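Q: Let me see the structure of the following:
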Amino acid sequence: MRSHSPKFASVVSFALLVMVLMLSLTGQAKATVCIVPDDYPTIQEAVDACAAADTVFVRSGTYYEHVTIGKELTLLGENQNTTVIDGEGTGKVVTVSSDHVFISEFTIKNSGSGATVPQDAGVAIMDASDNVISNCIITENGLNGAYMLRSHHNIISNCVISLNNVEYYQGGIHLRDSGWNTITDNILHSNTGPGITVRSSSNNTTITGNHVYSNGNVGIHLGHSSGCLVSGNTVYDNYWRGMDFDGASNNTITDNIIISNRDTGLEAYFGAHGNIFTGNVIQGHETGVYLRGSSGHTFCGNEIIENTYQVRLVEGAG
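A: Numbers count the residues shown, from 1 in each chain. Prediction:
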C-alpha cells in the first residue's frame, strides 16, 4: 500500500516554496509570500493581510485557530506532519469560501461536532469552485474530515483522512449538493462512519485510486447522485459494506477491489438503477452483491468470488 514519506513530503513542500518564491521575484508575477510566524503571528492574520493570489507559508508548529479563506490564495505548510492547525473542538477548522484556493502540507484536526447544515469539518469548502486540497492529514475531527456544500470542480488528493468522528450520512470526505469534484489517491481509514459520502445530487463526481479501509458503516457511499465514476479504488475491512448506492443511478463503477468487508461487498437499494459495474473484484463477504428495490443495472466482467452468497436479489431487484 502507498505510504506518505515525511522525506518525500518535505521535498515537495520545499519545491513548492522555491517555486512561489521565484515567482514573487520575477517581473511577470506580483504575488507576495507571507510567512507565519515571521511576518504574522497567526495564519488568519496572514490570510487577511495578503492580497489575492499571494502565498501564505506556515512554518512547523501547532496553531490553535480557525482559518477562513475568502480570496484566491495558496496556503502552504512546511511539513504535513509538523504543521498543525487545531480547532480546539469547535466549528470548522479551515473554511474555504473563495475559488482558486490551494492548501497543502498541513495536519488539520479537532473540529466541532455540529451536524446542522453547514456541518463542522476539518476542511469545509462552501459555495466555492476550483480549489485543491492536497498532501494534508485530516484527522480527529468531531464530524466530517473534509466537507463540500454547493461546491464544484474541486480536488482532494493525496491526503490521509482518518480517525474522524463521522456519523452515518457524513464522511471522512463528504460531498453534499456538489458536482464535478475529484477525490483521488487518498487514504481514508478508521473513521467512525463512511470513508467517502457523495450525496444529494453531487453528480459527476470522480472517485479514483483511493484506499478506503476500516471505516464504520461503509467504505464508499453514493446517495441520489448520478454520472459519477468510481474506479480503481481498494476498499476493504469496513464495518458493514464496501460500497453502497442509495437511490444513486447511472453511475459507472469499474476496476475496484472490494474485499473482506464485514457483511456486504456491494449493495444497491432504494430505487438505485441503471448503474454499470465492470471489472470489479468482490471477494470474501457474507454477501458479494446485494440488490434490493433497485433495477436495470449492468454487470460485466466482475469477479464475484468466495462470498457466502455471491449475489442476492430481493424486492423486485434485477
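
Q: hey, C-alpha coordinates of stretch 99-119 in PDB?
A: Below are the C-alpha coordinates for stretch 99-119, written out as PDB (Å, rounded to 0.1, in the frame of the first residue of the first chain):
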ATOM      1  CA  ASP A  99     -12.500  30.000  -5.800                       C
ATOM      2  CA  HIS A 100      -8.900  29.100  -6.700                       C
ATOM      3  CA  VAL A 101      -7.500  28.300  -3.200                       C
ATOM      4  CA  PHE A 102      -4.700  25.700  -2.900                       C
ATOM      5  CA  ILE A 103      -4.000  24.100   0.500                       C
ATOM      6  CA  SER A 104      -1.100  21.700   1.100                       C
ATOM      7  CA  GLU A 105       1.200  20.200   3.800                       C
ATOM      8  CA  PHE A 106      -0.900  20.600   6.900                       C
ATOM      9  CA  THR A 107      -2.400  18.400   9.700                       C
ATOM     10  CA  ILE A 108      -5.900  19.700  10.200                       C
ATOM     11  CA  LYS A 109      -7.600  18.500  13.300                       C
ATOM     12  CA  ASN A 110     -10.100  18.800  16.200                       C
ATOM     13  CA  SER A 111     -13.200  20.500  14.600                       C
ATOM     14  CA  GLY A 112     -16.500  20.700  16.300                       C
ATOM     15  CA  SER A 113     -19.300  18.100  16.000                       C
ATOM     16  CA  GLY A 114     -22.100  20.300  14.800                       C
ATOM     17  CA  ALA A 115     -24.300  18.400  12.300                       C
ATOM     18  CA  THR A 116     -26.600  21.300  11.400                       C
ATOM     19  CA  VAL A 117     -26.000  22.300   7.700                       C
ATOM     20  CA  PRO A 118     -23.400  23.600   7.000                       C
ATOM     21  CA  GLN A 119     -21.700  20.900   9.100                       C
END
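
Q: quick one: average confidence on it?
A: Mean per-residue pLDDT for stretch 99-119: 95.

Q: Centre of the chain to that stretch, how far?
A: Centroid separation for stretch 99-119 versus its chain: 11 Å, with Cα atoms, centre = their mean, to the nearest Å.

Q: cool, stretch 191-200 as well?
A: 9 Å.

Q: residue ranges of the helices in the stretch 1-150 of the chain, please?
A: Secondary structure of the stretch 1-150 of the chain, counting by DSSP state H, counting those that start in this stretch: helices at 6-25, 43-49.

Q: Buried residues, the shortest one. List them.
A: Judged by neighbour count using 16 or more other Cβ atoms under 10 Å, the buried positions of helix 43-49 are I43, Q44, E45, A46, V47. (C-beta placed from N, C-alpha, C; glycine too.)
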